[in-house]
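S.K.: with the input below, show me the fold.
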Amino acid sequence: MIEVGDIREWRTHDVVDADGHKIGTLEAIYVDTSTDEPAMATVRIGLPTRHRLVFVPLAGASVGPGYVKVAYDKAAVKDSPAIGTDDVLPAVDEEAVFRHYGLDYQSGTAGERQLARR
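M.R.: Purely as a prediction, here's the structure:
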């Protein structure tokens, strides 16, 4: 498992898929609020004048010199739900991110968010 403190050091490093294709640049880490473990990352993609942030799960991710390798292919990540570079993920949109990757989504008992940015 990648430790939260360790992965924060990788901010601005490349994010690559399992085949080593560059997807974008690591922007932020989101943890699962029930475990405080890293769950998702946002990746900055797009043209220099039109960046956006997409989400990718960190399950199965590994780190190497200057990159974070995720277990999802480039196309799947680029098609995931996105937010603007100055935006935050609205709570009502969290489920769509999980659904995009075929993952179960479970909000807290009182409707709390499953993800929190760290």
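S.K.: distance check, the residue lying closest to E37 once chain neighbours are set aside against A41.
M.R.: Counting by Cβ to Cβ, 6 or more residues apart in numbering, E37 lies nearest to V31, which is 6.1 Å off, once chain neighbours are set aside. Bear in mind the C-beta positions are built from the backbone N, C-alpha and C, glycine included. Plainly put, V31 is 10 Å away from A41 if you go by Cβ to Cβ, to the nearest Å.
S.K.: mind checking which of the two has more residues around it?
M.R.: Relative neighbour count places A41 above the other of V31 and A41, with 25 against 19, counting by other Cβ atoms under 10 Å.
S.K.: give the helix, strand or coil label for that one.
M.R.: Three-state call for A41 (DSSP: H, G, I helix; E, B strand; the rest coil): strand.
S.K.: for it, give me its contacts.
M.R.: 7, 15, 26-30, 55-56, 58, 61, 68, 70 (Cβ atoms under 8 Å, 6 or more residues apart in numbering).
S.K.: what's across from it in the sheet?
M.R.: Following DSSP bridges, A41 is listed with bridge partners I29, V56.
S.K.: burial of the nearest residue to Q106 once chain neighbours are set aside, as a residue count?
M.R.: The shortest distance from Q106 to any residue that is not its chain neighbour, by Cβ to Cβ, 6+ apart, is 6.3 Å, and that residue is Q114. Using other Cβ under 10 Å as the criterion, Q114 is surrounded by 21 other residues.
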